[in-house]
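*Asks:* predicted model and sequence follow; I will ask about them next.
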Amino acid sequence: MSRADLKVHAPWQPVFAQPPYTPDPAAIATIKSNAQDVTVLLIMATWCPDSKRELPRYFAIMDAAGVADSTLTMVGVDRTKKDSEGLTDKWAITRVPTFVFLRKGQEIGRVIERIPAGSTLEAEIAKVFGGK
């Protein structure tokens with residue numbers, strides 16, 4: 001699955017038609033300076049309201065940080081939160097969306113479903129990328 005796939009998926013077209021998200025520049029700077037060798041496994045669901053909220057933000061954040069879509073592996077799950085490749089079992093995924101951040105194949109952190117009150121997706125990603 002890709003960003004382009006989501007943009008043409010009818011239920012997601014209104015999501016991408018909304019005004020673009022503007023991420024915090026300080027968090028973007030942290031992400032940008034620590035993005036080398038990081039890949040992302042994203043487990044999401046097209047039916048999930050949390051995925052619909054967070055994915056456009058994620059794309060805006062990574063675009064602002066200059067992180068290419070090629071660093072992302074996006075996997076859609078059904079309502080049982082399972083995928084055909086067994087990745088949800090391998091990575092112990094129980095909620096969607098779950099962003100698993102990897103450096104050289106090793107998990108360095110993850111952001112799961114709802115962002116803590118008072119934080120932002122980019123702040124949580126910056127914590128993972130910055131090692132905090």
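*Replies:* On my side now, so go ahead.
*Asks:* so Lys82: helix, strand or coil?
*Replies:* coil (DSSP: H, G, I helix; E, B strand; the rest coil).
*Asks:* per-residue confidence at the residue lying closest to it once chain neighbours are set aside?
*Replies:* The shortest distance from Lys82 to any non-neighbouring residue, by CB to CB, 6 or more residues apart in numbering, is to Thr88 (5.5 Å). (C-beta placed from N, C-alpha, C; glycine too.) Listed pLDDT for Thr88 reads 95.
*Asks:* just to be sure, Thr88 is in a strand?
*Replies:* No. The assignment for Thr88 is helix, going by three-state DSSP, so no strand is present there.
*Asks:* okay but it is in contact with Arg95, surely?
*Replies:* No. Look at Thr88 against Arg95 with CB atoms under 8 Å: they stay out of range, at 10.2 Å.
*Asks:* neighbour-wise, which of these two wins?
*Replies:* Thr88 (19 against 12; other CB atoms under 10 Å).
*Asks:* for the more buried one, give its distance to Val15.
*Replies:* With distances taken as CB to CB, to the nearest Å, Thr88 is found 23 Å from Val15.
*Asks:* then Gln106?
*Replies:* For Gln106, the distance to Val15 equals 32 Å [CB to CB].
*Asks:* tell me which of the two has more neighbours.
*Replies:* Using other CB under 10 Å, the more surrounded residue of Gln106 and Val15 is Val15, with 16 against 7.
*Asks:* pull the contacting residues for the more buried one.
*Replies:* 6, 52, 55-56 (CB atoms under 8 Å, 6 or more residues apart in numbering).
*Asks:* what about those, which are in helices?
*Replies:* 6, 52, 55-56 (DSSP state H).
*Asks:* can you list the low-confidence ranges for this protein?
*Replies:* 131-132 (pLDDT under 70).
*Asks:* show me where it has strands.
*Replies:* 38-44, 72-76, 98-103, 106-112 (DSSP state E).
*Asks:* many thanks, I have nothing further to ask.
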